[in-house]
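this is a predicted model, with the sequence first.
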Amino acid sequence: MSITTRITLFTAVVATLLSALLAIAVMITFHRYATGSLTDEIVAAGGRVAHEVEHDQLTPPLAQHRDRNLQVVDPRGVVAAATPQLQGKPIMADFTPDHRNIAKSVVCGGVFPSGQCNIVVAQSAHKRGQDWIVYSASPTVPPYVDPWLAATVGGIAAVLALAITSLGHRIVTASCLRPVAAIRAELDKINETCPHRRVPLPSSQDEIHDLADSVNQTLSRLQAAMQQQRNFTSDASHELRSPIAAIRAEVEDALQAPEETSVPQVGNAILGSLDRLEAIVGDLLTIARLDQVWTVERAPIDLAALVTTECDRRLDGNKRFEYSLEPGVVVNGDRSRLSRLLANLIDNAERHATTTITFYVRHSPSGKRDLHRFPKGIAMLEVIDDGPGIDPDKRELVFQRFARLDTARDRDAGGTGLGLPIARQIAEAHDGTLKIEDSPHGARFVLRLPPA
């Protein structure tokens with residue numbers, strides 16, 4: 001069954017039970033009121049006859065109501081007078097008035113028809129110094145009191161249950177399921193050709209509104225991811241097209257004028273483009289692996305040793321390395337990934353440094369803003385070059401894929417545009433950060449990692 005049907009059925013059952021309980025309570029109240037009123041009438045009828053007995057004014061008829069029965073019993077226990085229905089019958093009850101000269105009880109059977117119960121009231125009458133007893137009775141009030149009253153109360157209860165059920169159905173449909181249906185219909189229309197569409201927000205500030213808001217936020221993130229994927233594909237195609245076009249041009253020139261070139265010349269001419277293709281494809285593969293969920297292999301790594309090891313591989317370069325390495329700064333991480341991170345930072349620094357690249361490794365206490373992320377302090381690695389530096393408004397741009405600043409657009413000086421994004425992804429996978437911060441000269445890349 002649908003949610004609407006289930007909630008409507010639940011509402012109907014609850015409304016029926018509550019309406020039935022309300023109807024029973026009302027009928028009990030009416031029954032008690034009617035019984036009390038009838039008892040008062042019986043007492044009044046018996047009191048009138050007792051007054052007549054005391055003043056020797058007893059005259060028929062004893063009862064003024066056809067359902068009322070009375071008996072007058074003399075001091076010897078003999079019925080001296082009775083209504084026509086009880087003529088010749090024994091005393092209707094075996095109890096006598098108490099010290100208050102009155103007693104009440106319900107008597108079933110006996111002098112009354114079989115299966116009938118009556119409210120019987122016994123009252124004392126004093127005549128010539130002797131005690132007489134006047135019994136007055138009337139059939140008890142039935143549980144339904146009156147057929148018309150029972151039908152009225154039952155009808156009102158049924159209408160009330162039906163109204164509550166209808167109202168519950170309308171509330172569920174209008175307040176809950178109608179907005180949900182609108183959200184579902186809009187989601188069915190959203191696809192890759194129209195990712196900008198959003199589901200409608202209900203006017204009420206309730207859970208459905210929060211659901212729609214969360215869906216819209218998710219759609220916004222998906223749209224951003226799709227746009228990033230499109231940009232990535234476009235940039236990758238552009239980056240791959242350039243070296244391929246260069247290789248094609250060299251090969252076509254060689255084919256058109258074979259006597260003016262040789263295999264070694266063609267090979268040397270296209271080797272640079274092939275190296276660039278290899279670098280781009282390698283970075284693309286690395287990006288694809290990093291985008292997947294991968295587990296960081298945790299092992300103790302000394303950052304100072306990592307820096308010296310990586311720099312020793314580049315001693316034949318044309319840039320000078322300077323160090324300020326604090327010993328004992330150890331982190332838990334993946335050695336190959338962190339080596340790749342450092343290599344990308346050094347590659348970037350070598351492309352832009354004028355003469356010198358400086359490395360700093362130290363342990364720093366956590367500031368107030370970093371305390372929740374680095375509760376045990378910070379293991380810091382800084383790579384600083386003495387190049388032209390990066391403007392503050394472009395410091396986040398360099399971490400976007402295939403993004404290179406105008407000063408580095410030359411393919412001979414610039415990289416693939418993926419090195420720094422890869423480095424940041426590796427840092428974040430190790431629960432750290434990689435940022436560009438202020439420096440008196442050049443660019444200053446700061447890596448922060450939680451210490452071991």
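Structure's in. What do you need? Residues are numbered from 1 along each chain as shown.

residue 360 sits in which helix or strand?
Per DSSP states H and E, residue 360 falls inside strand 356-364.

what is the subsequent helix or strand relative to that strand?
Downstream of strand 356-364, the first helix or strand assigned by DSSP H and E is strand 378-385.

okay, that following strand in PDB with CA atoms only?
Only the C-alpha atoms of strand 378-385 are listed here, as PDB (Å, rounded to 0.1, in the frame of the first residue of the first chain):
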ATOM      1  CA  ILE A 378      52.200  20.500  13.300                       C
ATOM      2  CA  ALA A 379      54.900  18.900  11.200                       C
ATOM      3  CA  MET A 380      55.800  21.700   8.700                       C
ATOM      4  CA  LEU A 381      57.700  21.500   5.400                       C
ATOM      5  CA  GLU A 382      58.400  24.700   3.400                       C
ATOM      6  CA  VAL A 383      59.700  25.000  -0.100                       C
ATOM      7  CA  ILE A 384      60.700  28.500  -1.000                       C
ATOM      8  CA  ASP A 385      62.100  29.800  -4.300                       C
END
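
partner strands of it and their direction?
Sheet pairing for strand 378-385, assigned by DSSP bridges, gives strand 356-364 (antiparallel), strand 444-449 (antiparallel).

for that strand, the distance to its chain's centre please.
Relative to the centre of its chain, strand 378-385 is centred 43 Å away, using Cα atoms, centre = their mean, to the nearest Å.

downstream neighbour of that strand in the secondary structure list?
Using DSSP H and E, the helix or strand that follows strand 378-385 in sequence is helix 419-429.

can you give me the buried ones in that next one?
419-427, 429 (16 or more other Cβ atoms under 10 Å). Backbone N, C-alpha and C define where each C-beta goes, glycine included.

how about the strands in the chain?
Using DSSP state E, the strands of the chain run over residues 69-73, 79-82, 102-108, 117-127, 130-139, 299-302, 320-325, 330-333, 356-364, 378-385, 433-437, 444-449.

could you give the bridge partners of residue 108?
Applying DSSP bridges to residue 108 gives these bridge partners: residue 117.

okay if I get the strands of the chain as a markdown table plus mean neighbour count, distance to residue 346 and mean pLDDT?
What follows is the strands of the chain, written out as a markdown table (neighbours: other Cβ atoms under 10 Å; distance: least, Cβ to Cβ, whole Å; pLDDT from 0 to 100):
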| stretch | mean neighbour count | distance to residue 346 | mean pLDDT |
| --- | --- | --- | --- |
| strand 69-73 | 24 | 118 | 90 |
| strand 79-82 | 18 | 125 | 88 |
| strand 102-108 | 15 | 106 | 90 |
| strand 117-127 | 21 | 107 | 91 |
| strand 130-139 | 22 | 110 | 90 |
| strand 299-302 | 15 | 17 | 92 |
| strand 320-325 | 14 | 9 | 91 |
| strand 330-333 | 21 | 18 | 92 |
| strand 356-364 | 19 | 7 | 93 |
| strand 378-385 | 23 | 7 | 93 |
| strand 433-437 | 17 | 14 | 92 |
| strand 444-449 | 22 | 10 | 94 |
